[in-house]
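S.K.: could you work out the structure for the sequence below:
(one chain, ligands or ions: 1)
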Amino acid sequence: MLRPQDSATRERRSLDGLWRFRADAAARGRAERWFAHPLVDAIDMPVPASFNDVVPGRELHDHVGEVWYQRAVRVPRGWAGERVVLRFDAATHRATVWVGETEVMSHEGGYTPFEADVTAYVTPGEEVRITAVVDNTLTWETVPPGIVVDTPHGRRQKYMHDFFNYAGLHRTVWLYSTPATHVADVTVVTGVDGDPTATAVTGTVTYEVEVARGATGDGNVGSEGDGRGDDAGASDPTVDVELRDADGAVVAEGRGAVGTLSVPDVRLWQPGEGYRYDFVVSVSADGVLVDRYTEKVGVRTVEVRGTDFLINGRPFYFRGFGMHEDHVTRGKGHDDTAMVHDFELLRWTGANSFRTSHYPYAEEVMDYADAHGVVVIDETAAVGMNGAVAAVLGTRVDKVFSPETVSERTREVHAQAVRELVARDKNRPSVVLWSIANEPESHTEESEEYFRPLFALTRELDPHRPVGFVNVMYSPADVCRLAGYSDVVMINRYYGWYADSGDLAAAESALADELAQWSEHGKPILMTEYGADTIAGLHDLTGAMWSEEYQAELLEMYHRVFDRTPAMAGEHVWNFADFATSRGIVRVDGNKKGVFTRDRRPKAAAHLLRRRWRG
Ligand code: GCB
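M.R.: Okay, here's the model as predicted:
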């Protein structure tokens, strides 16, 4: 799905700011048609933000169920005759949206965008009321899964992952215009002719442009050349494409909706150098420009060869973190200041990459990674499909994969999440690897049955990037049934923390043994999580867990083992920063495995990583 943009033929209006908001604990809003009137008993709620921590008290923090957001917007007068689209960059975890009194869309899944053509329901120059009901409930049929328990004291939400279930409108809401006949999608696949490590190489950009034809308000379905009447003239629209370098010079051109551009002496997108070209698509009818859309394109290759992860033909070693979208007060709400600061801290430590643990991140984050050459492992929201992990967090689940728990219906939701993630991020040079799940049970027949089609789907949707999943310590190499489906080995290990707690000597030998076993797979090994909970400011010289010294010692121990394991292709510390979790006896004020505190102050480990990664 294309991001909204301003161009010669398009305009956007952000609907960020204060919306009216009302929690609906008794689930009355739909029956009472709250969308049909200005919301009563409402408070102000900022968008983008999680609603949970904005107001003090348990009520909103622990709310389970629907919440209502509403605001009015004036549609620009200049949009008369244009197609008008309403887009939510995300609504966590599901939403239904009305424009005026008309229901225009519903969406399942908390971290990918959705939109509707609302042309028929708005009048340029006039105000319209937009209402969204957002539901934060997690069930066995959501991704991630959860369990709602009805208790004498109210509904309680349980889940099998540790990060707090922040919800609401976490990302920008847009109203934007396009011409009725418009660019509906662009797909680019980049490559190089010959050896990408040679001094002068020719790049290739294979593209496919989808044009939707239609008269304003008809939903704009139909593909290029379907011959139906529209506002773009009687003849078929023509598609022209240009590739411009960062200075604006045209370096390649093409005609038609599909083709391959060749770029002699290409400047590659590289880790650490996010060089991108502008791929400018122009749709014309009878010689008149109808729509223009520009997609940023970074030319690079990705390949797994033996135990090497190659970017542009050179072995790439991942240094960085598993992260979270998590901040004080705004929770998972996107914020540019926080984002740029986090990227600066990544740079400060010498990180070259991160994983979007455990859900797709805001598109602004992905744009930034593309623009700055930061390498990304892009993960779906499938976290917590594991009874053993749930038990550690205090929730008992007997069988995680079964018709009553994570089932075929869940898999359909999961498949849709994969489709939407690939559709959103397929053109991004920063994304070099898809992670379809974090720490699912992976040693049982049921888990294999569940995941086999999802691996196949991901490969079918994107045959050009490696695919993997993140393995948990309860499914080691000798029993894991999913490793064979993955192009890389991604493992989270907590020797010295959850296992061999406090005993770094025992932890070191257990880790070395395990890495030796995984090495037999002959694939690149990425340690996607390792770390220790650490209270900033707690110091100790006797090996006490939770101290800054222990966290640093533990990381150093892992690094010693990594450095003597030839198949290692990367190290992502858990976590970049401390983050909020649900209440429980294994967490004190959240997860403290950050090498930065939640307000981004460095612990001793941050300095240690900086020394290791920056040399
Ligand atoms: C894990 C999970 C991660 C947790 C972490 C921990 O294995 O993947 O989401 O936060 O352990 O600290 O327990």
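
S.K.: all contacts plus neighbour counts: C-alpha atoms, from now on.
M.R.: Will do.

S.K.: tell me the secondary structure at Thr458.
M.R.: Following DSSP: H, G, I helix; E, B strand; the rest coil, we place Thr458 in the helix state.

S.K.: check contacts around it.
M.R.: By CA atoms under 8 Å, 6 or more residues apart in numbering, Thr458 lies in contact with 418-419, 422, 467.

S.K.: give me the buried subset of those residues.
M.R.: Neighbour counting with 16 or more other CA atoms under 10 Å marks 418, 422, 467 as buried within the contacts of Thr458.

S.K.: between the residues you listed, which sits nearest Arg612?
M.R.: Relative to Arg612, the closest of the buried ones among the contacts of Thr458 is Val467; by CA to CA it sits at 28.3 Å.

S.K.: is that closest one in contact with Ser435, as I believe?
M.R.: Yes: judged on CA atoms under 8 Å, Val467 makes contact with Ser435 at a distance of 6.2 Å.

S.K.: any shared contact partners between the two?
M.R.: With CA under 8 Å, 6+ apart, Val467 and Ser435 have no common neighbours.

S.K.: picking that back up, how about JSON lines for the contacts of Thr458, with pLDDT added?
M.R.: As requested, the contacts of Thr458 are exported to JSON lines (pLDDT from 0 to 100):
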{"residue": "Val418", "pLDDT": "98"}
{"residue": "Arg419", "pLDDT": "98"}
{"residue": "Val422", "pLDDT": "98"}
{"residue": "Val467", "pLDDT": "98"}
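
S.K.: which pair in those residues spans the largest distance?
M.R.: The widest separation within the contacts of Thr458 (CA to CA) is 13.5 Å, between Arg419 and Val467.

S.K.: ok, back up a step: let's see which of the contacts of Thr458 end up in helices.
M.R.: Members of those lying in helices (criterion: DSSP state H): 418-419, 422.

S.K.: report the central residue of the protein.
M.R.: Pro360 (1.2 Å; CA atoms, centre = their mean).

S.K.: my guess is that residue contacts Asp378. True?
M.R.: Yes: under the criterion of CA under 8 Å, Pro360 makes contact with Asp378 at 6.6 Å.

S.K.: between the ones in helices among the contacts of Thr458, which is closest to Tyr550?
M.R.: Val418 (38.1 Å).

S.K.: do I have it right that that closest one meets Ala437?
M.R.: No: applying CA under 8 Å as the test, Val418 and Ala437 come out as separate, 10.0 Å apart.

S.K.: need the contact list for the residue nearest to Val133 when sequence neighbours are not counted.
M.R.: Leaving aside its sequence neighbours, Val133 sits nearest to Trp68 (CA to CA, 6 or more residues apart in numbering; 4.4 Å). By CA under 8 Å, 6+ apart, the contact set of Trp68 is 20-24, 131-134.

S.K.: for Trp68, list each beta-bridge partner.
M.R.: Arg22, Val133 (DSSP bridges).

S.K.: closest to Ile585 out of the ones in helices among the contacts of Thr458?
M.R.: Val418 (33.4 Å).

S.K.: against Leu454, how distant is that closest one?
M.R.: Val418 is 8 Å from Leu454, where distance means CA to CA, to the nearest Å.

S.K.: overlap of the contact sets of those two?
M.R.: With CA under 8 Å, 6+ apart, Val418 and Leu454 have common neighbours Ile436.

S.K.: looking at it, His182 is touching Pro237, isn't it?
M.R.: No: the pair His182 / Pro237 is not scored as a contact, 9.6 Å apart, by CA under 8 Å.

S.K.: now do the buried residues in the worst-scoring helix or strand of the chain on mean pLDDT.
M.R.: When each helix and strand of the chain is scored by mean pLDDT, DSSP states H and E, helix 387-392 comes last, with a mean of 88. If you call a residue buried by 16+ other CA under 10 Å, then helix 387-392 has these buried ones: 387-390, 392.

S.K.: pLDDT weak spots in the stretch 501-615 of the chain?
M.R.: Within the stretch 501-615 of the chain, not a single segment meets pLDDT under 70.

S.K.: let me fix that, I meant to ask about the stretch 101-250 of the chain.
M.R.: 216-234.

S.K.: so for His182 and Pro237, which residues contact both of them?
M.R.: With CA under 8 Å, 6+ apart, His182 and Pro237 have common neighbours Val283.

S.K.: list residues touching both of Val418 and Ala437?
M.R.: Thr380.

S.K.: look at Ser447 and give its secondary structure.
M.R.: Per three-state DSSP, Ser447 ends up helix.
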